[in-house]
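Participant: Got a predicted structure plus its sequence, pasted below:
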Amino acid sequence: MQAILLRSGAKQVELADVPDPACRNGQVLIQALETGICGTDREMIQRRIVDVPPGQDYLVLGHEGLGRVVETSAGQDALKVGDLVVPIVRRGCGRCNACKTGHVDYCYTGRYTERGIHKQDGFFSTYYADWPRYLVKVPPELEDLAVLAEPLSVTVKASQTALSLLRRVKFGGSYSQPGKRERALVAGHGAIGILGTLLLLEKDFEVFVLGRRKSGDFQRSLIEQLGVTYLDATTDQPTDLVAREGGFLLILEATGLSEITFQLANYLGRNGTMVLTGVPRGPKTFQIDGNTLMANIVRTNQAIVGSVNACAGCFSKALEYLAVFRQKYPQMMSKIITARYEPEQFEKPFAQKARDDIKVVIDFRTAPKE
Ligand SMILES: [Zn+2]
Ligand SMILES: [Zn+2]
């Protein structure tokens, strides 16, 4: 079968023939429909660092999958041939309490694998096999959007994390004032930033998005059509807004840039929570005013927390939100997947993210099946 893979030390991905996966007892065989490309994929390529599975000199990339069950095996009755599924990313260590109870995203030992990222082949291949406990069934009417379930699951978990911390500063059912709509800031507008914006609107926050796009640019226009205020970091840092109205109760970081993230802490309001989702890699040193940062966190009960990956429950929630978002924002939802490429056209989308791209996917529907 065809697979898009990265070999150890290689500086480019390749489309190669690899053996079909075996469908082991209890597993199901899935035919790929669409697999999303994300920054994590491009970064592995740029850094030429790839965590290959044991005994293999390559890793099949892809952790944002959508597929159809084409074969089932004895020992499982959760899924049947024809079902649409999205796979979760992480496979637990099987030893710690988090993994044993289905919360593999909170694995305590660190001995997990991640499909398409860490020591297990991913979903840029015509077929893949998996266990039903790692698969979430997709309603047929969501086929065109369900490849977004993975990035949305990341924002579902991040928002749950932030809201669980904010619960401790909710008094008599309200935050700062009864009936007041609290402000949230989303930094970045890739798929996670944009889906996070929709999610926080759904949670009834007044949302602001921080990025580097000029008026009229694609992502900025999409965001402004939601009635959300866009702040151009190059011209209008939120400093004035924060000085006038106080900081944000919730900040969702979706930039992956450490320097910007510590600046964002200055925009956090009293009792506020900032949740980080980006993973910067490699050394980056810069100066920050550590005393002010620490004093603000302590004096105003702030929380800065990280959130990675998501469990099957967050994927199920993500699918529910996709249906809600489509009903409320049909225009927006039809524009988040900005391009679909056939597997043979893989070189261009993996080489670089175009300025107006939000989510780019490889469409395997036309890939040869034998
Ligand atoms: Zn991703
Ligand atoms: Zn574990």
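Facilitator: Structure's in. What do you need? Numbering: from 1, shown residues only. Ligands and ions are numbered 1, 2, ... in the order given.
Participant: where's residue 97 relative to residue 309, distance?
Facilitator: 17 Å (C-beta to C-beta, to the nearest Å). Bear in mind the C-beta positions are built from the backbone N, C-alpha and C, glycine included.
Participant: With neighbour numbers in mind, choose between those two.
Facilitator: residue 309 (21 against 10; other C-beta atoms under 10 Å).
Participant: what kind of secondary structure is the closest residue to the more buried one other than its chain neighbours in?
Facilitator: Spatial nearest neighbour of residue 309, chain neighbours left out: residue 105 (3.9 Å); criterion: C-beta to C-beta, 6 or more residues apart in numbering. Assigned by DSSP: H, G, I helix; E, B strand; the rest coil, the conformation of residue 105 is helix.
Participant: Surely residue 105 touches residue 308?
Facilitator: Yes: the criterion here is C-beta atoms under 8 Å, and residue 105 meets it with residue 308 at 6.4 Å.
Participant: Please say which of the two ends up with more neighbours.
Facilitator: Between residue 105 and residue 308, counting by other C-beta under 10 Å, residue 105 is the more crowded of the two (23 against 16).
Participant: Need phi/psi at residue 200.
Facilitator: The phi/psi pair for residue 200 (degrees, to the nearest 10) reads phi -70, psi -30.
Participant: count of residues packed around residue 204?
Facilitator: 10.
Participant: all numbers from here: first residue = 50
Facilitator: In the new count, where the first residue is 50, that last one comes out as residue 253.
Participant: I figured it was touching residue 232, is that so?
Facilitator: No: at 11.3 Å, residue 253 does not count as touching residue 232 under the criterion of C-beta under 8 Å.
Participant: what does the helix or strand of the chain with the lowest mean pLDDT contact?
Facilitator: Counting by mean pLDDT, DSSP states H and E, the weakest-scoring helix or strand in the chain turns out to be helix 288-294, with a mean of 86. Helix 288-294 is contacted from outside by 232, 257, 280, 297, 315-316, 318, using C-beta atoms under 8 Å, 6 or more residues apart in numbering.
Participant: got the buried residues for that helix?
Facilitator: Neighbour-count burial for helix 288-294 flags 290-291 (criterion: 16 or more other C-beta atoms under 10 Å).
Participant: re earlier: near ligand 1, list only the ones from the contacts of helix 288-294.
Facilitator: Among the contacts of helix 288-294, none lies close to ligand 1 by the criterion of C-beta under 5 Å from the ion.
Participant: which residues of the chain fall in helices?
Facilitator: With helices called from DSSP state H, the chain shows them at 88-96, 146-149, 198-215, 240-251, 267-273, 288-294, 307-313, 339-348, 361-377, 379-382, 396-400.
Participant: so which of the ones you listed gets nearest ligand 1?
Facilitator: Nearest to ligand 1 among the helices of the chain is helix 88-96; the distance by C-beta to the ion comes to 4.9 Å.
Participant: elements contacting that closest one?
Facilitator: Counting contacts by 3 or more C-beta pairs under 8 Å, 6 or more residues apart in numbering; DSSP states H and E, helix 88-96 packs against helix 396-400.
Participant: Which positions in the helix it packs on come out as buried?
Facilitator: 398-399.
Participant: contacts for it?
Facilitator: 53, 61-62, 86, 90-91, 94, 388, 390, 409, 411.
Participant: Please repeat the previous calculation with a cut-off of 10 Å.
Facilitator: Contacts to helix 396-400, defined as C-beta atoms under 10 Å, 6 or more residues apart in numbering, come from residues 53, 55, 61-64, 86, 90-91, 94, 110, 173, 388-390, 403, 406, 409-411.
Participant: Repeat that for stretch 335-342.
Facilitator: In this structure, residues lying in contact with stretch 335-342 by C-beta under 10 Å, 6+ apart are 307-308, 311-312, 314-315, 344-345, 351, 353.
Participant: just to revisit the earlier point, check contacts around the residue nearest to residue 358.
Facilitator: So residue 154 contacts 137-139, 141, 147-148, 161, 202-203, 206, 356-363 (C-beta under 10 Å, 6+ apart).
Participant: now residue 98
Facilitator: Contacts of residue 98 (C-beta under 10 Å, 6+ apart): 55, 57-58, 92, 330-331.
Participant: still on that earlier bit, find the one among the helices of the chain with the highest mean neighbour count.
Facilitator: By mean neighbour count, with neighbours taken as mean count of other C-beta atoms under 10 Å, helix 240-251 ranks first of the helices of the chain at a mean of 25.
Participant: For residue 418, the count of nearby residues, please.
Facilitator: So residue 418, with other C-beta under 10 Å, has 11 neighbours.
Participant: Just the pLDDT for it.
Facilitator: Note on residue 418: pLDDT of 75.
Participant: That one touches residue 80, doesn't it?
Facilitator: Yes: assessed by C-beta atoms under 10 Å, residue 418 is found in contact with residue 80 at 7.4 Å.
Participant: what residues do these two have in common as contacts?
Facilitator: With C-beta under 10 Å, 6+ apart, residue 418 and residue 80 have common neighbours 50, 119, 175-176.
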